[in-house]
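Peer 1: 3D model of this:
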Amino acid sequence: MSETASRYRDPAGETAFWRVILTLIAVAFLGIVVVLPLVTVFYEAFRKGSDAFFEAFQEPDAIAAIRLTLTVAAIAVPLNLVFGVAAAWAVAKFEFRGKTFLVTLIDLPFSISPVISGLVYVLLFGAQSYLGPILKSQGIQIIFALPGMVLATIFVTFPFIARELIPLMEEQGTGDEEAALSLGASGWQTFWYVTLPNVKWGLLYGVLLCNARAMGEFGAVSVVSGHVRGLTETMPLHIEILYNEYNFAAAFAVATLLALLALVTLALKTILELRYGDEIAAGRKH
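Peer 2: Residues are numbered from 1 along each chain as shown. I've put the predicted structure just below:
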């Protein structure tokens, strides 16, 4: 009997064994790819002491970079909020010609290198373009100025809110909106009091992701900024310059701000899921 039993494998034991192996692989991978670089950033930032760390933020160029980063994000994120909600509402709640094409356009920044998108704006609004001289004659400067950086950031980040809301709105359907309209509500009232409350947590999550990407964007902004220190330098660009100048302590000090932004974004997401998890799940099943 024992010989017969030994010929058969224990499915439960084998499953538990592979579960442990896969868990260890996942933890090791995350430790190497995520945790170790994050620890390195903070270690290098404080390696020369707290005085060197805080001194990095007293430099005029660092202050200007932080201010410009916040300004770009403060303009780009609200504009993407409006576009993302409008696009998601149109795609999820209505049927029209070109709907598939619109979804493809929304996903376009995910498939194009940010450097290429920045180059496109240089070709459109640069000094050698058709529009560049016309805008310059009117005293309007797009490239190597704040407008160009905002446009590049908007292009790179606009899918985040829309792509977060479209599946949620499609899953909820149009039943609530149709009921509100049948009771005499206007289109704006239906959106404000019915549609928006049902997607508020997904919207907030999309805004968090959009803001984190806007403040951390490098490639597209690098192309259109001109790298003018104190004028068109965001935090990622300022970090690159400091690192290239072998000012590692200051570079990693500024990098901790972006790292903290990522941690805050993750913490807010976790808090939302823990505190409003049932409500979020109910909204998705609604």
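
Peer 1: As a check, name the ranges of all helices in the stretch 51-200 of the chain.
Peer 2: Here the stretch 51-200 of the chain has its helices, by DSSP state H, counting those that start in this stretch, at 60-93, 99-111, 114-125, 131-137, 146-157, 159-172, 175-182, 187-190, 196-198, 200-216.

Peer 1: Give the residue spans of the protein that score low on pLDDT.
Peer 2: For the chain, applying pLDDT under 70 flags the ranges 1-14, 275-286.

Peer 1: before we move on, back to that, any chance of the helices of the stretch 51-200 of the chain in JSON lines, with mean neighbour count and distance to Ser222 too?
Peer 2: All C-beta spots, glycine's among them, are computed from the backbone N, C-alpha and C. As requested, the helices of the stretch 51-200 of the chain are exported to JSON lines (neighbours: other CB atoms under 10 Å; distance: least, CB to CB, whole Å):
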{"stretch": "helix 60-93", "mean neighbour count": "18", "distance to Ser222": "13"}
{"stretch": "helix 99-111", "mean neighbour count": "13", "distance to Ser222": "16"}
{"stretch": "helix 114-125", "mean neighbour count": "18", "distance to Ser222": "7"}
{"stretch": "helix 131-137", "mean neighbour count": "13", "distance to Ser222": "19"}
{"stretch": "helix 146-157", "mean neighbour count": "24", "distance to Ser222": "9"}
{"stretch": "helix 159-172", "mean neighbour count": "20", "distance to Ser222": "20"}
{"stretch": "helix 175-182", "mean neighbour count": "14", "distance to Ser222": "43"}
{"stretch": "helix 187-190", "mean neighbour count": "13", "distance to Ser222": "40"}
{"stretch": "helix 196-198", "mean neighbour count": "14", "distance to Ser222": "36"}
{"stretch": "helix 200-216", "mean neighbour count": "21", "distance to Ser222": "12"}
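
Peer 1: Nearest to His238 among the ones you listed would be which one?
Peer 2: His238 sits nearest to helix 60-93 of all these, at 3.8 Å, using CB to CB.

Peer 1: Hey, what's the angle from that closest one to helix 200-216? Just curious.
Peer 2: 140 degrees (axes from the mean of the first three to the mean of the last three CA atoms, to 10 degrees).

Peer 1: In terms of secondary structure, what does helix 60-93 contact?
Peer 2: Under the contact definition 3 or more CB pairs under 8 Å, 6 or more residues apart in numbering; DSSP states H and E, helix 60-93 sits against helix 99-111, helix 146-157, helix 159-172, helix 200-216, helix 235-244, helix 248-285.
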